[in-house]
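Student: how does the following fold in three dimensions:
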Amino acid sequence: MKQNVNEIMMLRYRIKRYQAMRNGTMCQMLNNQLQKLLAQQA
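Tutor: Next up is the predicted model:
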């Protein structure tokens with residue numbers, strides 16, 4: 001559980017960084033990974 005929380009936090013951080021760099025493709029890819037992780041937890 002702790003591993004997933006850390007992974008989610010890291011993905012959210014990376015998404016913000018890629019958004020700041022205007023890299024939409026990476027944002028979408030990371031958002032997909034984030035949604036899969038959140039779905040697993042639910």
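Student: which stretches in the chain count as helices?
Tutor: For the chain, applying DSSP state H gives helices covering 2-20, 24-41.
Student: ok and the shortest one relative to helix 2-20, angle-wise?
Tutor: An angle of 160 degrees separates the directions of helix 24-41 and helix 2-20 when computed by axes from the mean of the first three to the mean of the last three Cα atoms, to 10 degrees.
Student: OK, contacts around Tyr18?
Tutor: Neighbouring residues of Tyr18 by Cβ atoms under 8 Å, 6 or more residues apart in numbering: 26-27, 30. Quick note: C-beta positions are derived from backbone N, CA and C, even for glycine.
Student: let me know the closest of those residues to Gln41.
Tutor: Nearest to Gln41 among the contacts of Tyr18 is Leu30, at 16.8 Å by Cβ to Cβ.
Student: count the residues that sit near the nearest residue to that closest one once chain neighbours are set aside.
Tutor: Counting by Cβ to Cβ, 6 or more residues apart in numbering, Leu30 lies nearest to Ile15, which is 4.9 Å off, once chain neighbours are set aside. Number of residues near Ile15 (other Cβ atoms under 10 Å) recorded here: 19.
Student: check Met26 too.
Tutor: Other residues close to Met26 by other Cβ under 10 Å number 14.
Student: cool, and Gln19?
Tutor: 13.
Student: got the contact list for the nearest residue to it once chain neighbours are set aside?
Tutor: If you skip the residues right next to it in sequence, Gln19 has Cys27 as its closest partner in space, 5.5 Å away by Cβ to Cβ, 6+ apart. Residues near Cys27 by Cβ under 8 Å, 6+ apart: 15, 18-19.
Student: let's have the helices of the chain in JSON lines, adding mean pLDDT.
Tutor: Below are the helices of the chain laid out as JSON lines (pLDDT from 0 to 100):
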{"stretch": "helix 2-20", "mean pLDDT": "94"}
{"stretch": "helix 24-41", "mean pLDDT": "95"}
